[in-house]
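Asker: the sequence and its predicted three-dimensional model are supplied below.
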Amino acid sequence: MDDTDKRRAIADRLREARRLSGLSQGQVAQIMGLHRPSVSEVEAGNRRVSAEELSKFAEIYEVSVGYLTGDAPESLALDDPRLELAARELQKLKPESLDKLLRALAALRATDEKGGA
């Protein structure tokens with residue numbers, strides 16, 4: 001994976017993590033002391049992100065830096081039977097309940113990646 005591909009992969013994970021956190025680019029920019037276009041450029045893969053910024057993004061989104069860089073596992077095996085069960089249950093949820101669940105899952109994933117209980 002070359003530098004451009006790596007930057008795009010990080011950008012995709014940053015965008016996904018922000019959305020799962022329920023934050024806008026403007027809100028993230030304000031928290032980080034950046035301009036909103038800077039966050040947009042990072043999420044588009046057009047702007048490099050410093051180690052300090054990456055750490056701050058991880059803190060805001062409650063995920064590990066390893067997740068954002070692609071160095072941490074991101075999924076279960078596709079043949080895991082729990083995925084089919086989960087998919088059936090997810091179909092039954094209202095959109096707002098699904099959004100709440102996705103935020104809770106992001107928090108759980110962050111706890112798991114940090115070695116929590």
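Answerer: Done, it's in.

Asker: okay, which residue is most central for this protein?
Answerer: residue 17 (2.1 Å; Cα atoms, centre = their mean).

Asker: for that one, give me the backbone phi and psi.
Answerer: Main-chain dihedrals, residue 17, degrees, to the nearest 10: phi -60, psi -40.

Asker: isn't it up against residue 61?
Answerer: Yes - using Cβ atoms under 8 Å, residue 17 is in contact with residue 61, at 3.9 Å. All C-beta atoms are positioned from the backbone trio N, CA, C, and that covers glycine.

Asker: anything in contact with each of the two?
Answerer: 68, 106 (Cβ atoms under 8 Å, 6 or more residues apart in numbering).

Asker: what sits against the residue nearest to the centre of the chain?
Answerer: 57, 61, 63, 67, 68, 106.

Asker: burial check on the fourth one, number of neighbours?
Answerer: The local packing of residue 67 (other Cβ atoms under 10 Å) involves 21 other residues.

Asker: so it is in which element?
Answerer: helix 65-69 (DSSP states H and E).

Asker: could you check how far the helix or strand following that helix is from the centre of its chain?
Answerer: Moving toward the C-terminus from helix 65-69, the next helix or strand (DSSP H and E) is helix 81-90. Offset of helix 81-90 from its chain centre (Cα atoms, centre = their mean, to the nearest Å): 21 Å.

Asker: and if you look at stretch 101-110?
Answerer: 10 Å.

Asker: check which residues of it are buried.
Answerer: 106, 109, 110 (16 or more other Cβ atoms under 10 Å).

Asker: which residues touch the second one?
Answerer: The contact partners of residue 109, taken as Cβ under 8 Å, 6+ apart, are 63, 67.
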